[in-house]
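S.K.: Sequence isn't available, so here's the structure alone:
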């Protein structure tokens, strides 16, 4: 009888995918972490080849791809579909996946089952959940206990947009800032391997980063976080109608896309495309 052994990619001459441990170790070494969103296989490949530390399959897919006004309508099945596509398109970056609204807040049992689907069906390496209440901390603890790594998310939490009356900077007042710091410590104690900080004053983010030993990933939270995340379509300038103060565009691809399509239309209408070089 012969035994077939599958050789892990790292042992077969190919680069292996980064792990949660790799991600956490970078903070300890003083290296800044780079996180970018992706929602499909093609962009996942390009982001992965750009050597980011992690790809976040965000529930921002609801806004960016589906055209929703918020992330609230995004479903678990939608997140699994997009995360699986990103997994197929990437090979080296850590794969993080957002848990959508009401998939983890109701009961710990439901959170375990729903997060389990993300790991089993999409191949995620970690999930991200919003909020810092004692109930959320207990959920994080339960998820980590069964082997599902969790990134926490504090500050502005988009799934609470209705309660927060829009995308507003959080923790401006001293009491709110201290509460945020205390909450971050609670989530670290619960087992979160990293904390995303969104729309908070830079000084508060610096205090949170100093107060915890896990990486902090900022978006609209200033330069003192352990790393930064941006939505791919925002940093590429594809979503050119979105202009928050924290966003730096690294390209203006919306202009390129419109120009390319107009050029195609001009060629079609004039009869110059397809020409002999582009025909069989």
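M.R.: Structure's in. What do you need? Since this is a predicted model, take the numbers as computed values, not measurements.

S.K.: Which positions in stretch 54-73 come out as buried?
M.R.: By neighbour count on 16 or more other C-beta atoms under 10 Å, the buried set for stretch 54-73 is 54-64, 70-72. For glycine as for every other residue, the C-beta is placed from the backbone atoms N, C-alpha and C.

S.K.: mean confidence score for that stretch?
M.R.: Mean per-residue pLDDT for stretch 54-73: 97.

S.K.: go on, stretch 193-201?
M.R.: On average, stretch 193-201 scores 98.

S.K.: Domain-wise, how is the protein divided?
M.R.: Split into domains by automatic domain parsing, the chain comes to 16-249, 255-280.

S.K.: okay, those domains, which one's buried deepest?
M.R.: Burial of the domains of the chain is given as mean neighbour count (mean count of other C-beta atoms under 10 Å); domain 16-249 ranks first at a mean of 19.

S.K.: how long is it end to end?
M.R.: Domain 16-249 has an end-to-end distance of 30 Å (criterion: C-alpha to C-alpha, to the nearest Å).

S.K.: How confident was the prediction at residue 166?
M.R.: The model's pLDDT for residue 166 equals 86.

S.K.: Would you agree it falls within a strand?
M.R.: No. Assessed with DSSP: H, G, I helix; E, B strand; the rest coil, residue 166 is coil; it does not lie in a strand.

S.K.: how much space between it and residue 273?
M.R.: The gap separating residue 166 from residue 273 is 45 Å, by C-beta to C-beta, to the nearest Å.

S.K.: My guess is residue 237 contacts residue 258. True?
M.R.: No. Under the criterion of C-beta atoms under 8 Å, residue 237 makes no contact with residue 258, lying 11.5 Å away.

S.K.: which stretches of the stretch 101-250 of the chain form helices?
M.R.: 108-122, 134-145, 161-164, 174-190, 202-211, 232-235 (DSSP state H, counting those that start in this stretch).

S.K.: Looking at those helices, which is nearest to residue 16?
M.R.: Distance to residue 16, taken as C-beta to C-beta, is lowest for helix 108-122 among these, at 17.8 Å.

S.K.: still on that earlier bit, including distance to residue 83, could the helices of the stretch 101-250 of the chain go into a markdown table?
M.R.: Shown next, in a markdown table, are the helices of the stretch 101-250 of the chain (distance: least, C-beta to C-beta, whole Å):
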| stretch | distance to residue 83 |
| --- | --- |
| helix 108-122 | 4 |
| helix 134-145 | 16 |
| helix 161-164 | 22 |
| helix 174-190 | 22 |
| helix 202-211 | 27 |
| helix 232-235 | 15 |
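
S.K.: And these, which one averages the lowest pLDDT?
M.R.: helix 161-164 (a mean of 90).

S.K.: and residue 38, which of the helices of the stretch 101-250 of the chain is closest to it?
M.R.: helix 232-235 (5.7 Å).

S.K.: which other helices and strands contact the closest one?
M.R.: If contacts are counted by 3 or more C-beta pairs under 8 Å, 6 or more residues apart in numbering; DSSP states H and E, helix 232-235 sits against strand 33-37.

S.K.: Paired strands for the strand it packs on, with orientation please.
M.R.: strand 54-57 (parallel), strand 227-230 (parallel) (DSSP bridges).

S.K.: Pipe these into TSV and attach distance to residue 208 per row.
M.R.: Shown next, in TSV, are these (distance: least, C-beta to C-beta, whole Å):
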stretch	distance to residue 208
strand 54-57	19
strand 227-230	13
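
S.K.: Among these, which comes closest to residue 97?
M.R.: Using C-beta to C-beta, the nearest of those to residue 97 is strand 54-57, at 4.6 Å.
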